[in-house]
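Engineer: kindly generate the corresponding structure for this input.
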Amino acid sequence: MDRLDQVSLEHVRLRGAGVDATVARLRLSSALGSSTLQPPAMPPSAVLVVRSMADPLPRRIADLKRAAVVNREWEHAAQNRLGELYARAARPAWGAVPTSAEAVLFADYGELLACLAADLSSSSAVAWWWWAMVRHFSLTPPGSLPLYWTRIWEQHPWYVPSALDHLSVRNQSGKVLSPLAPAQAWRLLRAMVRAFGLPDWLVPESPAEAQNPIPLHSPLPFSQAGNPEGREPPESSVGDRAPNRPSRLPWEPYVPGDSTPLTIGVEKRALLGLGLLLRRAPHVALTPAFYPHFRRWLAAQLTSVRELPRADATTLISHPISQPVTHAKNEFPRQDALEPEPMAAVAVDALAREPAQTTPSPAIPPTHRAEWEAGRLTQAGGVLYLIHLLRKMDLLRSFDTGLSGWALLELLARCLLGPYFEAVAGDPIWAVLAELDERDSGNPPGTGFQSQETYAAPRSWLAGLAPHPLSARFRSRGMELWRPEDFLVLDSCRAQMPPDTRLLPSTHSERRRRRAAAAVRPLHLPLSNELRRFLHFVLPYARWRIGKVLQGVTLQQACLRRGKLILSLSHVDLVMGMNQISVPVRLAGLDANPGWMPELGRVITFHFLAEGYNHE
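Structural biologist: Sure thing, here's the model as predicted:
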């Protein structure tokens, strides 16, 4: 996926090989490339940078005269030595790194990118680990050395949101982003938008294009019934368009307004606000209603800056930010109330009303993060296999439910497990899903669900299925249309039949099967009537899809996978032994690595380690 995900050795000194130098170099490179050097205790997503390491077993690495195979004793000794360095490695994210540090550790790539940017933005950007990164990426630093980090960020846009979150919680985002030129911030914004699969028109190639109206035929993934052609959502769903009416920032309330100060500029503010939203609530940023809201805000801000008179612009730059004007309590107007006003009218006053140092979001204590980085043992790690079901069902982009992908995953798992949930109710997997959903484990999933009048099956549900007459079921709340495969394609509160719909009568046995397929009976989980209706719509297709691909074992058996779950802001790793591989699950493709999931905002990886692995 990127150049960070590998073991890299800068300099290796070899003495006494007894063969030609070129041959020795090639054989040693092959031997080290096939060896496993990562310490067993180190999380898969962590990045360990070691300044230097002496040979743990001199003259035992390999017999380079015969074959390029690393000696197993040397490999274990190297792992143990790196494990010692890992255990006492310094954490730049938690404080200053002593000059005597032998190694530094980052929980994931997002943390590394954040520390790299913060270090280069400081007045003493001379950390030895930073120079190792420079050589690793083999890039020529630009003319402005403190902005070198932007080149690496552009190459790894998947981790930009988590890097911005790291900086924001430490109140460093403004300091790091302020030196950026608008063009640099715009390139980072574009790269991040593409990495998350957002529409390309959301952030065009240049700010000048962003001031143009939204394209009439923008490819919005808005597949709900009533808007099948991807037209723009109704105005009521995206806020008031009136230019003189207050409108909150596109990323509120998930990202507080004071996290994106006016003083850093429009492009950098858009980068920070959208990045934090993608980190904390990606399901919101990926909904069709968000796209026009963000684009209108961006166009209005860029237009206001373009129309700013030179005198006001000069005053804006020279205003003494370090001495904000004080006001009485509750006198400050809401920041979002300033958004629609012309920039020329508020440019000077905005800095006076906004504190120079915004209050950072509550930082996650290092002890709490370290606990999740160490991992949680689970007996039901296979619940994460249902991530593939979320993707195949297109639940995360086709239905605007207001719920995160992790909440939907837990709801699906608990409903599909049914009575068997009792056997795994106390497993840590549910606390892990709550942590990923950023809610207290005592709060049930589904809070904040947003209902819709009509639910229609995405096109992906019908892919590969021949056209067939449907069966209708009329209920007090509306009408349902069923496929012969016993899943719903339409649930509408209106008893109005879609045009050109062919119907077939339902038999008693069919109605009984469909009631069982749509049963919503999660144990110990209170559900609102509207959430129950949504699950009633999606569960029949989920059960049909699982039954079609999973043959030989039940879903309950597939979910029983022992392993360790390790979390960071950008990664979810499930580490298991080879004995946890199930042939039917493998044939169904459920244990394949999901990889980068924009809808979940993380890289999800399933690791199967060789013999001798102890998941405890």
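Engineer: what's the spacing between stretch 269-287 and its chain's center?
Structural biologist: 10 Å (CA atoms, centre = their mean, to the nearest Å).
Engineer: please apply the same query to stretch 292-306.
Structural biologist: Using CA atoms, centre = their mean, the offset of stretch 292-306 from its chain centre is 26 Å.
Engineer: likewise stretch 416-431?
Structural biologist: 25 Å.
Engineer: quick one: the helices in the stretch 101-250 of the chain?
Structural biologist: Remark: helices assigned in the stretch 101-250 of the chain by DSSP state H, counting those that start in this stretch are 109-121, 128-137, 149-155, 160-169, 173-177, 182-195, 207-210.
Engineer: give the buried residues for whatever helix or strand comes next after the shortest one.
Structural biologist: In other words, helix 207-210. Next in sequence after helix 207-210, counting helices and strands by DSSP states H and E, comes helix 266-280. Of the residues in helix 266-280, 266-280 count as buried by neighbour count, 16 or more other CB atoms under 10 Å. Quick note: C-beta positions are derived from backbone N, CA and C, even for glycine.
Engineer: list just the nearest of these to Arg561.
Structural biologist: Arg279 (27.9 Å; CB to CB).
Engineer: wait, Asp440 touches Ala431, no?
Structural biologist: No - at 9.8 Å, Asp440 does not count as touching Ala431 under the criterion of CB atoms under 8 Å.
Engineer: quick one, which of the two is more surrounded?
Structural biologist: A direct count of neighbours by other CB atoms under 10 Å for Asp440 and Ala431 places Ala431 higher, at 16 against 9.
Engineer: so Val383 versus Leu412, what's the distance?
Structural biologist: Distance, Val383 to Leu412, using CB to CB, to the nearest Å: 9 Å.
Engineer: ok, those two, which is more surrounded?
Structural biologist: It is Val383, of Val383 and Leu412, that has more neighbours when counted by other CB under 10 Å, with 28 against 22.
Engineer: wait, that one touches Ile429, no?
Structural biologist: Yes - between Val383 and Ile429 there is a contact under CB under 8 Å: 5.2 Å.
Engineer: all strands for the protein, in order.
Structural biologist: Applying DSSP state E to the chain gives strands spanning 47-50, 103-106, 376-378, 454-456, 471-475, 478-482, 488-492, 563-567, 571-577, 595-597, 602-609.
Engineer: can I get the ones you listed in TSV including mean pLDDT, mean neighbour count and distance to Val160?
Structural biologist: Shown next, in TSV, are the strands of the chain (pLDDT from 0 to 100; neighbours: other CB atoms under 10 Å; distance: least, CB to CB, whole Å):
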stretch	mean pLDDT	mean neighbour count	distance to Val160
strand 47-50	90	19	16
strand 103-106	93	24	15
strand 376-378	94	19	27
strand 454-456	93	21	34
strand 471-475	87	14	46
strand 478-482	90	20	42
strand 488-492	93	23	38
strand 563-567	94	24	19
strand 571-577	94	22	15
strand 595-597	93	16	13
strand 602-609	94	20	13
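Engineer: which one is Ala185 nearest to, not counting chain neighbours?
Structural biologist: Excluding its sequence neighbours, the residue lying closest to Ala185 (CB to CB, 6 or more residues apart in numbering) is Glu267, at 4.0 Å.
Engineer: so what's the one you found up against?
Structural biologist: Neighbouring residues of Glu267 by CB atoms under 8 Å, 6 or more residues apart in numbering: 182-183, 185-186, 189, 207.
Engineer: ok, 10 Å please
Structural biologist: With contact set as CB atoms under 10 Å, 6 or more residues apart in numbering, Glu267 has these partners: 177, 180-189, 203, 207, 210, 298, 301-302, 305.
Engineer: next one: Ala181
Structural biologist: Ala181 makes contacts with 144, 147, 150, 187, 265, 267-268, as judged by CB under 10 Å, 6+ apart.
Engineer: any low-confidence regions in the stretch 151-300 of the chain?
Structural biologist: 215-247 (pLDDT under 70).
Engineer: typo on my end, it should be the stretch 301-450 of the chain
Structural biologist: Counting by pLDDT under 70, the ranges of the stretch 301-450 of the chain that qualify are 305-369.
Engineer: what mean pLDDT does the helix ranked longest in the chain have?
Structural biologist: Secondary structure of the chain per DSSP state H: the longest helix is helix 529-549. In this model, helix 529-549 has a mean pLDDT of 94.
Engineer: how far does it sit from its chain's centre?
Structural biologist: Distance, stretch centre to chain centre, for helix 529-549: 25 Å (CA atoms, centre = their mean).
Engineer: now do that helix and strand 478-482, the angle between them.
Structural biologist: Counting by axes from the mean of the first three to the mean of the last three CA atoms, to 10 degrees, helix 529-549 points 0 degrees away from the direction of strand 478-482.
Engineer: put the alpha carbons of helix 529-549 into PDB.
Structural biologist: This file holds the C-alpha atoms of helix 529-549, laid out as PDB (Å, rounded to 0.1, in the frame of the first residue of the first chain):
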ATOM      1  CA  ASN A 529     -39.100   1.200  15.800                       C
ATOM      2  CA  GLU A 530     -37.400   3.100  13.000                       C
ATOM      3  CA  LEU A 531     -34.100   1.300  13.500                       C
ATOM      4  CA  ARG A 532     -35.900  -2.000  13.700                       C
ATOM      5  CA  ARG A 533     -37.600  -1.200  10.300                       C
ATOM      6  CA  PHE A 534     -34.200  -0.500   8.700                       C
ATOM      7  CA  LEU A 535     -32.700  -3.800  10.000                       C
ATOM      8  CA  HIS A 536     -35.900  -5.500   8.800                       C
ATOM      9  CA  PHE A 537     -35.000  -4.300   5.400                       C
ATOM     10  CA  VAL A 538     -31.300  -5.200   5.300                       C
ATOM     11  CA  LEU A 539     -31.200  -8.400   7.200                       C
ATOM     12  CA  PRO A 540     -32.900 -10.600   4.600                       C
ATOM     13  CA  TYR A 541     -30.300  -9.700   2.000                       C
ATOM     14  CA  ALA A 542     -27.500 -10.200   4.600                       C
ATOM     15  CA  ARG A 543     -28.800 -13.700   5.500                       C
ATOM     16  CA  TRP A 544     -29.200 -14.600   1.800                       C
ATOM     17  CA  ARG A 545     -25.700 -13.400   0.900                       C
ATOM     18  CA  ILE A 546     -24.000 -15.200   3.800                       C
ATOM     19  CA  GLY A 547     -25.900 -18.400   3.100                       C
ATOM     20  CA  LYS A 548     -24.800 -18.200  -0.500                       C
ATOM     21  CA  VAL A 549     -21.100 -17.900   0.100                       C
END
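Engineer: how about it: buried residues?
Structural biologist: Buried positions in helix 529-549, judged by neighbour count with 16+ other CB under 10 Å: 531-543, 545-546.
Engineer: show residues contacting stretch 421-429.
Structural biologist: Contacts of stretch 421-429 (CB under 10 Å, 6+ apart): 375-384, 410, 413-415, 417, 430, 435, 441, 521-525, 556, 559-561, 564-565, 574.
Engineer: please repeat the previous calculation with a cut-off of 6 Å.
Structural biologist: 376, 378-380, 383, 414, 523 (CB atoms under 6 Å, 6 or more residues apart in numbering).
Engineer: start to end distance for that stretch?
Structural biologist: 12 Å (CA to CA, to the nearest Å).
Engineer: stretch 175-188 now?
Structural biologist: Start-to-end, stretch 175-188 (CA to CA) is 17 Å.
Engineer: list the buried ones in that stretch?
Structural biologist: Result for stretch 175-188 [16+ other CB under 10 Å]: buried residues 176-177, 180, 184-188.
Engineer: what does stretch 86-93 give?
Structural biologist: 86, 89-93.
Engineer: before we move on, the earlier item: among the helices of the stretch 101-250 of the chain, which is nearest Ile581?
Structural biologist: If you check each of the helices of the stretch 101-250 of the chain against Ile581 by CB to CB, helix 109-121 wins as the nearest, at 27.5 Å.
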